[in-house]
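K.L.:
Requesting a structural model of the entry that follows:
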Amino acid sequence: MFRKMRRIKQQVSEEKCSEILRSEWRGVLAVHGEDGYPYAFPMDFYYDEANKKIYFHCAKAGHKTDALKADNRVSFCVYDEGFRKEGEWALNITSVVIFGRIRFMTDPAEIFETAKTFGGKFFPTKEELDHELETALARVQMLELTIDHMTGKLVNES
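P.N.:
Numbers count the residues shown, from 1 in each chain. Okay, here's the model as predicted:
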């Protein structure tokens, strides 16, 4: 169903993909938008490596939510900061591309626990996280991405 990577020598391991998903903070989520146009946008995310799931938060209404309700199939791309080999100008970037399906989380206890874990990645203190959960959680839609296919690739931009 999913294509094999054409430039197989550039493929990175699943462990390297997981490392990038654990360490990076943002990626680009792409959905089937309106009138046949793709719709892609940056998203903060949390990767649950044990369960191989990715979590997002968003508003309960809007273009993104409408698109996901119409078709829950998505693509998600994350890439690292890259590096330059000594004496070279070209950047070497490792990217991870994921295909999967989004589930709208509805169980309040599950939403709270997921939002708490998610927020722990971003908020500098427990007090700030607790305040945000108390004041904003009722307006938040949590999303769970189940990974159907994942590949990673190291590219030299020269």
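K.L.:
C-alpha only now, for contacts and for neighbours.
P.N.:
Noted.
K.L.:
The strand ranked longest in the chain - contacts with which helices or strands?
P.N.:
Longest strand of the chain, by residue count under DSSP state E: strand 140-156. Counting by 3 or more C-alpha pairs under 8 Å, 6 or more residues apart in numbering; DSSP states H and E, the packing neighbours recorded for strand 140-156 are helix 14-23, strand 53-59, strand 92-104, helix 108-122.
K.L.:
mind putting the ones you listed in JSON lines, mean pLDDT and distance to M1 included?
P.N.:
Shown next, in JSON lines, are the helices and strands packed on strand 140-156 (pLDDT from 0 to 100; distance: least, C-alpha to C-alpha, whole Å):
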{"stretch": "helix 14-23", "mean pLDDT": "96", "distance to M1": "19"}
{"stretch": "strand 53-59", "mean pLDDT": "96", "distance to M1": "20"}
{"stretch": "strand 92-104", "mean pLDDT": "97", "distance to M1": "11"}
{"stretch": "helix 108-122", "mean pLDDT": "93", "distance to M1": "31"}
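K.L.:
least trustworthy helix or strand in this protein by mean pLDDT?
P.N.:
Every helix and strand of the chain was ranked by mean pLDDT, DSSP states H and E. The lowest is helix 126-136, at a mean of 89.
K.L.:
Many thanks, I have nothing further to ask.
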